[in-house]
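Undergrad: my questions concern the predicted model and sequence given below.
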There are 2 protein chains.
Amino acid sequence: MPKPSARSQAAPASPIRRLYPLAVEANKRGKKVYHLNIGQPDIPTPQAFMQGVRQARIEVLDYAPSPGISEAVEAMVRYYADHGLQVAKEEILITIGGSEGITFALSIACDPGDHVLVPEPFYPNYLGYARLTNVEITPITTHRKDGFHLPPRQEIEGLITPRTKAILFSHPGNPTGVVYTPAELEMLVALALKHDLFIISDEVYREFVYDGVHKSLLSFPEVRDRVILVDSISKRLSACGARVGALVSHNKEVMAAALKCATIRLSAPTFEQLGLVAFMADPNHKKVVEEMIGEYKVRRDLFCRELLAIPGVTFRVPEGAFYVMMGLPVDDAEAFIRWMLTDYPGPETVMLAPGAGFYRTEGCGKDEARAAYVLKTEDLKRACSVLAEGLRLYARAAAPAGRG
Amino acid sequence: MPKPSARSQAAPASPIRRLYPLAVEANKRGKKVYHLNIGQPDIPTPQAFMQGVRQARIEVLDYAPSPGISEAVEAMVRYYADHGLQVAKEEILITIGGSEGITFALSIACDPGDHVLVPEPFYPNYLGYARLTNVEITPITTHRKDGFHLPPRQEIEGLITPRTKAILFSHPGNPTGVVYTPAELEMLVALALKHDLFIISDEVYREFVYDGVHKSLLSFPEVRDRVILVDSISKRLSACGARVGALVSHNKEVMAAALKCATIRLSAPTFEQLGLVAFMADPNHKKVVEEMIGEYKVRRDLFCRELLAIPGVTFRVPEGAFYVMMGLPVDDAEAFIRWMLTDYPGPETVMLAPGAGFYRTEGCGKDEARAAYVLKTEDLKRACSVLAEGLRLYARAAAPAGRG
């Protein structure tokens, strides 16, 4: 019997996936599990998007154009204009979610064996896209005590080799919620110029900023030809299942290469592109997103307040996205998260994402966990009190007999 | 300014893409162009599919499960059962079109640098998927005079090296329309067993068989663990824009690897999966496909009859799919196809796909062209008479003055 390739076997088994069956079992035992482990928004997808899908006039569902349906690309042009970014139609390509955008960007920036810098902790699927494209990730370690802001420039420069072709980051950050300051962005821009790097900026959480201001990497004229923006409607339209994203660059050669990538996979799904068109045609579209962001701000404030009241939980309040990467008063966060699913008593429990899964550097994040505040405020409040009680009981269970 | 990677520059520029702008220009000059160059069916997508999309009850368009929406996978189980194939739910993964299925299959069967055998002429995007996954294609040349049936076994065996990990083919064939005979399939099965190969069988044209019987590679028990079936609803549901396909294997390790690939890209589009579910729930679904196949048989018969009446056009009538790969009485088919778009007089013209684009071996297919009979019979008839006239005028234009 032939064996699947080594590369397909080597793909990472994420800790969340290891733990997920335990959550399913807990649920079967009648337990309510507060899922703080996944960034799946609970907010309804805007009606205008749904109407756009339902009312699509299609007789033959033929291939959409590879760079995207013309009206969908135009909708993205208007979207960027709303955000003060002048982007031409031919500088945008509709992708099958942000996932495909990252894969294309890595393929374009790197030949097999090339390296890309990524601040860690980072979105674990970056590792999957890098494996798929035979690109090596060089982590830039950032720290909870710094709110996961970037280390000094010389520390990053020490990681750059002749094979380093790009720096990739999410901005605002998943799993950290960090929003880089103008000074940090200028430092990255200077690094890209000095070391001839592409900047792959994953801005799918663009609107999810509660403190400070988000500055798109597209707004830096010095790196006009170096920036490859990866975008997605998943979060801002609460439409993760749409699989509609965009790759954007002012660099003509990059766009030509992106078009080649897109041509090979033929087209992105049609109905969801029409949903995007209808959403952007809705005169209320900005208000819809603003209201959603308002709701997330309320959640962040409440969630952080509740979390910080739990003894031993440590973090700096994140500026954006909808995640908190927190330190827990335990040695092994994964063991604690597992215990919450298997041993925590009572009718409810909480699932978090183990922190180590977001680091490339061995040993980092062992006492950390990521929570996504994608639940209603009353549920977030309840989840925090369950978490507090869990940590209390876990500490007691772990204390050696005779001590304490 | 940083340069895009060599690999993203190396992606092939297909002859169709070179010629397409000329068709657009011809159209702008008021010319009607019969597009025989692309396999985009003109038959309306079934109403049941469309209703399934329109009537989807979704409040939050969240990520679909990575292996596919449960009901969509079950729909595929029933679909295979309709075709006499017993496939379990966990042996099917919904992919983003057949394109993603091929990419996954190549990643699973091959490590970077491994080789895969592919009978040529073949679907040109296979080369794109192979580049993306760093796999080398070793062509098995087949010939028009043989109706593109396979060469003798020893000829194929001579191409196998220790790095050959799989054989990939479309069955029925694009661009050839060939349907392999049971003897040919048995030969491929024996080869796979002897040389420890995976068989990647692209059966998206399964129902498009007009002569003989289609036997799925899944029906050979000896290679139960070796077959990776790639499938798609694009052609049989006239829904190329749906981007819904499937990867099927009885090999548990292959399915585990496929799930890892699928998890990285999160999910396939939701609405179109629900369209598939609704289509398969329609008690008339078999009849809908049968009627469509009936229409294609009428087209094939008419188109082949008309083509064979054109002096110098040569081919053996294809058994399946909806293509004819024909020899033209010209030295350079691409030059003739270009001439038809730029110089052919009158209000109408025809666009074909140059044959060379379907071969990996340099020099093959220069006098060939592929036509897709995806137009109504009256249009096919008209296109053939335009083609006949074009060949007549082209021969005259090319004849040296003073001769003839």
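TA: Sure, I can see it.
Undergrad: pLDDT-wise, which helix or strand of chain A ranks last?
TA: Lowest by mean pLDDT, DSSP states H and E among the helices and strands of chain A is helix A:6-10, with a mean of 80.
Undergrad: identify each buried residue in that helix, please.
TA: A:7-8 (16 or more other CB atoms under 10 Å in any protein chain shown). Every C-beta, even on glycine, is put in place using the N, C-alpha and C of the backbone.
Undergrad: which residues of chain A fall in strands?
TA: Taking DSSP state E as the test, the strands found in chain A are A:32-35, A:92-95, A:115-120, A:136-141, A:164-170, A:198-202, A:227-232, A:245-248, A:323-327, A:348-351, A:353-354, A:368-372.
Undergrad: which one, of the ones you listed, ends up nearest to chain B?
TA: strand A:198-202 (5.4 Å; CB to the nearest CB).
Undergrad: which parts of the closest one are buried?
TA: For strand A:198-202, a neighbour-count test (16+ other CB under 10 Å) marks A:198-202 as buried.
Undergrad: can you list these in CSV and add distance to residue A:117 and pLDDT?
TA: Listed next are these as CSV, based on distance: CB to CB, whole Å; pLDDT from 0 to 100:
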residue, distance to residue A:117, pLDDT
A:198, 11, 98
A:199, 10, 98
A:200, 10, 98
A:201, 13, 98
A:202, 13, 98
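Undergrad: chain B next: which of these are close?
TA: Filtering the buried residues of strand A:198-202 for proximity to chain B by CB under 8 Å from any CB of the partner chain leaves residue A:198.
Undergrad: what's the span of stretch A:34-50, first residue to last?
TA: Using CA to CA, to the nearest Å, one end of stretch A:34-50 lies 27 Å from the other.
Undergrad: likewise stretch A:88-104?
TA: One end of stretch A:88-104 sits 19 Å from the other (CA to CA).
Undergrad: is any residue of it near chain B?
TA: Yes - contact of stretch A:88-104 with chain B is found when judged by CB under 8 Å from any CB, involving A:96-97, A:99-100, A:103.
Undergrad: for the record, mean pLDDT for that stretch?
TA: With pLDDT averaged residue by residue, stretch A:88-104 scores 97.
Undergrad: mind naming the longest helix for chain A?
TA: The residue-count maximum for a helix in chain A (DSSP state H) belongs to helix A:285-308.
Undergrad: what's the angle from that helix to strand A:368-372?
TA: 140 degrees (axes from the mean of the first three to the mean of the last three CA atoms, to 10 degrees).
Undergrad: for helix A:285-308, packing partners?
TA: Judged by 3 or more CB pairs under 8 Å, 6 or more residues apart in numbering or on different chains; DSSP states H and E, helix A:285-308 is in contact with strand A:323-327, helix A:377-398.
Undergrad: now what about that helix, what contacts it?
TA: A:43, A:46, A:48, A:82, A:207-210, A:236-238, A:279, A:282, A:313, A:315, A:317-318, A:322, A:324, A:326, A:371, A:373, A:375, A:377, A:380-381, A:384-385, A:387 (CB atoms under 8 Å, 6 or more residues apart in numbering or on different chains).
Undergrad: switch to 6 Å and redo it
TA: Applying CB atoms under 6 Å, 6 or more residues apart in numbering or on different chains, the external contacts of helix A:285-308 come out as A:43, A:46, A:207, A:210, A:236, A:279, A:313, A:317, A:322, A:373, A:377, A:380-381, A:384.
Undergrad: quick one: contacts for the residue most central in space within chain A?
TA: By CA atoms, centre = their mean, chain A has its centre lying nearest to residue A:174, at 4.1 Å. For residue A:174, the contacting residues are A:123, A:321, A:323, by CB under 6 Å, 6+ apart.
Undergrad: outline the domain layout of chain A.
TA: Chain A breaks down into these domains under automatic domain parsing: A:6-44+A:286-397, A:47-281.
Undergrad: which one of these is the most hemmed in?
TA: The highest mean neighbour count among the domains of chain A, using mean count of other CB atoms under 10 Å in any protein chain shown, belongs to domain A:47-281: a mean of 21.
Undergrad: from start to finish, how long is that one in a straight line?
TA: End-to-end distance (CA to CA), domain A:47-281: 12 Å.
Undergrad: contacts for the least confident helix or strand of chain A next, please.
TA: Contact partners of helix A:6-10, identified using CB under 6 Å, 6+ apart, comprise B:107-108, B:111, B:257.
Undergrad: in contact with residue A:147, which residues?
TA: Remark: with contacts taken as CB under 6 Å, 6+ apart, residue A:147 is in contact with residue A:316.
Undergrad: for it, give its distance to chain B.
TA: According to CB to the nearest CB, to the nearest Å, residue A:147 stands 28 Å off from chain B.
Undergrad: picking that back up, next, format the contacts of helix A:285-308 as TSV and append distance to chain B and pLDDT.
TA: Putting the contacts of helix A:285-308 into TSV (distance: CB to the nearest CB, whole Å; pLDDT from 0 to 100) gives the following:
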residue	distance to chain B	pLDDT
A:43	7	93
A:46	10	97
A:207	18	97
A:210	22	97
A:236	12	95
A:279	11	98
A:313	28	98
A:317	27	97
A:322	14	96
A:373	16	96
A:377	17	95
A:380	17	97
A:381	21	97
A:384	23	98
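Undergrad: same list (the domains of chain A) but as JSON lines, adding distance to residue B:70.
TA: As requested, the domains of chain A are exported to JSON lines (distance: least, CB to CB, whole Å):
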{"stretch": "domain A:6-44+A:286-397", "distance to residue B:70": "14"}
{"stretch": "domain A:47-281", "distance to residue B:70": "14"}
